[in-house]
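**Q** Quick one: sequence plus predicted model below, questions after.
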Amino acid sequence: MKKLVQVFLFSLCLASFVQAQDSTKVKNEKAQAEIQKDNQIEEVKIVKQNKAIEHKPDRTIFNISNQSHLNSGTLMETIKQLPGLIASDVAGMMYQGKQLEVFLDGRPLNISSNELNSFLEGMPANSVERIEVITQPGAEFPATSGGAILNIITNKNAKKYLSATYTSSSAFNTFDKTRYRTYNSVLLNAKNKYFGWQLNFGQNYRENALWTAFLNTNNKDILSKTESDRINRSQYLKSGLTFDINKKDRLLLNYDVNYANNNSETESSGVGFTTFDKGKSHNTRQDATITYQKRFDNKSQKLDFVFNYNNNKNDFNLSSNVLGNTVLDNYSDQNYYNGKFDYSQGLKILDEGKVSFGALYEKLLFEARNFNTTNLEYERVTAATYLELQAKYNKFDFILGSRAENYEIGGKTPTADLIPFEQFRWFPNATVQYNITPQIFFNMNYNKKITLPSTSALNPNNTTYQNQNISTVGNPNLQPTIFNNFEVKLSAFDYAYLGYSLSSSKNQVVQQVSLNGNLVENSSFNVSEVKIHNFTFAFPLPYMLFSKGLKETMKFDVNPDTLNFIYFYTGYQLHQIPNLDTKGFWNFNLMSQILLPKKIKFVTEFGLITSGGNYFYFVADKPFNNFVDVTFSKKFLKDQLTVSIFGDDIFNMNRSYFRPINEPLLSYSKNDTRRFGFTINYKLPTKNKAAKVDQNMLKDEKKEEGGTVIGN
């Protein structure tokens, strides 16, 4: 422990040195402001873009667009590479021990489980600008955000001239045979004196394979063994219009559509059967938003009105060539309506402060059908209001918030009505932050949240593969989960941090696998109480430290974009479950950057999650999320063209072995994760490089003050 503290203190010193160098650069730029004002603006932008990871008091921001090793595959593949984030079939999606609610451009996706995985796998990573993991969502965010929020930001800034960017990525997989994948996207935006517009569209074609197996550990029978070849095709379009009204107010119109058409062929065998199945899946997701932003003479006052409609249709069909009939024919239709307003203004609280309040009303309707017979009708209505105060006193920042939400949840199946959930609940949150220096802070946070069962978990129909010995069903009677989240964190200059968090939940929804004869049944149920402890530690080390020593290293002008360094991340997580003797697990991530001759950037990333730990009701039999990725990238044509060559999971180590607790089963899963390819990103040149940059049209950039975010 003593050595660990020494390493962390050294990292603080190193980060302080980096910040001092940055401060010196800023002072020099200010001194030349009158001579090179436009160039100064461009330099500031470049420095900001070079931040690969940024730690704010309430969130961690991962820059995707400028990191070649993160934007060459699907969005799901990128998410799995983020330090501290776990995405698996058994644990779901978690960040530093907190269950994640996934947002897209500031709005909840309202999908989860297999549908969420398919959506993220069908979205190219090169269409994403950054990913924000909001670990401390305040009162302004819906209480249904659960433990934390993963916010995917796809938008770019609109400029007062036409700009265009084309991105293409191609790769092939090597395992038992060669499979191809390609992603292409185009971004167009411009603004004139009447309105601004933006259009982002692209496609994804992906050939991939999946191998799974279930073994009865008592008699060593292979209950099910599958080999599946899949072809995923998807297209997406995001559009936005913005109109300036009275030179202050703005009207924003957005429409997004995602369409996926997937096919699969699966050879399967096990005790008592052999089959060959074909699957087809069609998904259409549409999202429309109207936002009116009212602005005042007092710059601290803001009033936003947002109206959102979302529709998600999913059609899944599975047929057996051996049996000669259709095994599954399942369809679902979800409609979501949302209206809210948010108001904020500066207020004299202690040294300074701000007050924010707002209200929300939303309605969700979900219908599931099996062979054209409706077997679930689900309705959820939520009304909410919140009030949050922020204050500063000397070196302290304070946030105190309260959110009240009323739920009316019900529905029916063909045999019975669902257990109703009609409650009014109060959700407080509080944050105290001590700013040791402007860039080093110690933060303590508490918030209470709720997670409502997803429609994927409620859906009684199977929307994934099944055979004679495997069955997956939903549970329409799942109840909401209540979270109490605590966190303390010491952070320095976005480069080093040390943190501990505790998430205590009531009625936690978890996946359960049980064995009934030779049938493996997958379902979900509520656990009375689960506590998740999470410890995280991260720090950077420049390679020159080993060759030149600390004294000489401190003399260098440190620029993260041209520095050879290695970044260490480690996390320890423990799940406490009633009546179970659980063990924790470690999550390791290393990222190395080396600048080769000719300004070629060589990035290597290694990830590993240890075995023996409990993931709710599963135990990892062997390490998983184990990979080594390499990327070579270089910029051409005055940085307008970026070319990258990559290899992911080059040693083909990424696979998983899990044992469900109290069941004589061992599950195995392997995707063809080893792939090699290249990515090209070309920004069409423009004559007006110093043009003014306006705010984001597709989603209003939220203002960050005192560790919170205000906006839609």
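**A** Cool, got the structure.
**Q** make it CA atoms for all contacts and neighbour counts henceforth
**A** Will do.
**Q** can you map out the helices along the stretch 101-250 of the chain?
**A** Using DSSP state H, counting those that start in this stretch, the helices of the stretch 101-250 of the chain run over residues 113-121.
**Q** Going along the chain, name the strands of it.
**A** Along the stretch 101-250 of the chain, the segments classed as strands by DSSP state E, counting those that start in this stretch run 107-108, 130-134, 148-153, 163-174, 178-191, 195-216, 222-245, 249-270.
**Q** Asn518 is nearest to which of those?
**A** Evaluated over the strands of the stretch 101-250 of the chain, closeness to Asn518 peaks at strand 222-245, with 6.4 Å, by CA to CA.
**Q** Specify the angle between the closest one and helix 113-121 in degrees.
**A** Between the axis of strand 222-245 and that of helix 113-121 there is an angle of 60 degrees, by axes from the mean of the first three to the mean of the last three CA atoms, to 10 degrees.
**Q** Please save the CA atoms from strand 222-245 in PDB.
**A** Taking Å, rounded to 0.1, in the frame of the first residue of the first chain, the C-alpha atoms of strand 222-245 are listed here in PDB:
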ATOM      1  CA  ILE A 222     -22.600 -31.200 -23.800                       C
ATOM      2  CA  LEU A 223     -26.200 -29.900 -23.600                       C
ATOM      3  CA  SER A 224     -25.800 -27.400 -26.400                       C
ATOM      4  CA  LYS A 225     -23.000 -26.500 -28.800                       C
ATOM      5  CA  THR A 226     -23.600 -23.900 -31.500                       C
ATOM      6  CA  GLU A 227     -21.700 -22.300 -34.300                       C
ATOM      7  CA  SER A 228     -23.400 -19.300 -35.800                       C
ATOM      8  CA  ASP A 229     -22.500 -17.200 -38.900                       C
ATOM      9  CA  ARG A 230     -24.200 -13.800 -38.800                       C
ATOM     10  CA  ILE A 231     -24.500 -10.900 -41.300                       C
ATOM     11  CA  ASN A 232     -25.500  -7.600 -39.800                       C
ATOM     12  CA  ARG A 233     -26.600  -4.700 -42.000                       C
ATOM     13  CA  SER A 234     -27.600  -1.300 -40.700                       C
ATOM     14  CA  GLN A 235     -28.100   2.200 -41.900                       C
ATOM     15  CA  TYR A 236     -28.500   5.400 -39.900                       C
ATOM     16  CA  LEU A 237     -29.400   9.000 -40.600                       C
ATOM     17  CA  LYS A 238     -29.200  12.000 -38.100                       C
ATOM     18  CA  SER A 239     -30.500  15.400 -39.200                       C
ATOM     19  CA  GLY A 240     -30.900  18.700 -37.500                       C
ATOM     20  CA  LEU A 241     -32.200  22.200 -38.200                       C
ATOM     21  CA  THR A 242     -31.700  25.300 -36.000                       C
ATOM     22  CA  PHE A 243     -33.400  28.600 -36.300                       C
ATOM     23  CA  ASP A 244     -32.300  31.800 -34.500                       C
ATOM     24  CA  ILE A 245     -35.200  33.800 -33.100                       C
END
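**Q** ok now it, how far from the chain's centre?
**A** Using CA atoms, centre = their mean, to the nearest Å, the mean C-alpha position of strand 222-245 is found 15 Å from that of the whole chain.
**Q** Make residue 1 into 41 and carry on from there
**A** Done: numbering now begins at 41, and the last item shifts to strand 262-285.
**Q** tell me the mean pLDDT for that strand?
**A** Over the span of strand 262-285, the pLDDT mean works out to 93.
**Q** same for it, what does it pack against?
**A** When contacts are defined as 3 or more CA pairs under 8 Å, 6 or more residues apart in numbering; DSSP states H and E, strand 262-285 packs onto strand 235-256, strand 289-310.
**Q** want to try TSV for the ones you listed, with distance to Gln616 and mean neighbour count as columns?
**A** Formatted as TSV, those follow (distance: least, CA to CA, whole Å; neighbours: other CA atoms under 10 Å):
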stretch	distance to Gln616	mean neighbour count
strand 235-256	26	20
strand 289-310	35	19
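**Q** in the stretch 91-240 of the chain, which ranges drop under the pLDDT threshold?
**A** Residues of the stretch 91-240 of the chain meeting the criterion pLDDT under 70: 91, 97, 128-132, 152-154, 186, 195-201.
**Q** How about the contacts made by Ala444?
**A** Contact partners of Ala444, counting by CA atoms under 8 Å, 6 or more residues apart in numbering, are 424-426, 464-467.
**Q** Go through those and flag which are in strands.
**A** By the criterion of DSSP state E, membership of those in strands covers 424-426, 464-467.
**Q** Of all pairs in the contacts of Ala444, which one spans the longest distance?
**A** Tyr426 and Phe464, at 13.5 Å, using CA to CA across these.
**Q** Which one's more surrounded, those two?
**A** In this comparison of Tyr426 against Phe464, neighbours counted by other CA atoms under 10 Å, the higher total goes to Tyr426 at 24 against 13.
**Q** Does that one touch Glu180 like I think?
**A** Yes. With contacts defined as CA atoms under 8 Å, Tyr426 counts as touching Glu180 at a distance of 6.4 Å.
**Q** anything in contact with each of the two?
**A** Contact criterion CA under 8 Å, 6+ apart; residues bridging Tyr426 and Glu180 by contacting each: 397-398, 443.
**Q** Pro460 versus Thr491, what's the distance?
**A** Look at Thr491 and Pro460: by CA to CA, to the nearest Å, they are 16 Å apart.
**Q** Tell me which of those two has more neighbours.
**A** The residue with the greater number of neighbours, taking Thr491 and Pro460 and applying other CA under 10 Å, is Thr491; the counts read 23 against 14.
**Q** What's opposite that one in the beta bridge?
**A** Thr491 has these beta-bridge partners by DSSP bridges: Thr521.
**Q** how far away is it from Leu255?
**A** Counting by CA to CA, the separation of Thr491 from Leu255 is 33 Å.
**Q** do Gly687 as well
**A** From Gly687 over to Leu255 (counting by CA to CA), the distance is 32 Å.
**Q** Check Val550 too.
**A** 22 Å.
**Q** Next: Ile119.
**A** Applying CA to CA, the value for Ile119 to Leu255 is 30 Å.
**Q** burial measure for the nearest residue to Thr650 once chain neighbours are set aside, as a count.
**A** Nearest non-adjacent residue to Thr650, counting by CA to CA, 6 or more residues apart in numbering: Pro663, 4.6 Å away. Here the count is done by other CA under 10 Å, and Pro663 has 21 residues near it.
**Q** okay but Pro663 is in contact with Gly647, surely?
**A** No. Assessed by CA under 8 Å, Pro663 is found out of contact with Gly647, at 10.2 Å.
**Q** Show residues contacting stretch 664-678.
**A** Outside of stretch 664-678, the residues within contact range by CA under 8 Å, 6+ apart are 108-109, 120, 639-651, 681-697.
**Q** Give me the buried stretch members for that stretch, please.
**A** Buried positions in stretch 664-678, judged by neighbour count with 16 or more other CA atoms under 10 Å: 664-675.
**Q** quick one: low-confidence parts of the stretch 541-690 of the chain?
**A** Within the stretch 541-690 of the chain, the set of residues satisfying pLDDT under 70 comprises 590-602.
**Q** May I have the phi/psi pair for Leu458?
**A** Per-residue torsions, Leu458: phi -70, psi 160 (degrees, to the nearest 10).
**Q** Run through the residues that contact it.
**A** Leu458 sits next to 450-452, 516-517 when contact means CA under 8 Å, 6+ apart.
**Q** 6 Å - rerun?
**A** Residues in contact with Leu458, defined by CA atoms under 6 Å, 6 or more residues apart in numbering, are 450-452, 517.
**Q** which among the residues you listed gets closest to Gln333?
**A** Proximity of these to Gln333 (CA to CA) peaks at Gly450, which lies at 34.5 Å.
**Q** Report pLDDT for the residue lying closest to that closest one once chain neighbours are set aside.
**A** Counting by CA to CA, 6+ apart, Gly450 lies nearest to Pro460, which is 4.9 Å off, once chain neighbours are set aside. For Pro460, the pLDDT comes out at 87.
**Q** ok, how many other residues are close to Ala339?
**A** One correction, residue 339 is Lys, not Ala. Each residue near Lys339 was counted by other CA under 10 Å, and the total is 9.
**Q** what's the pLDDT at it?
**A** Predicted confidence (pLDDT) at Lys339: the value is 85.
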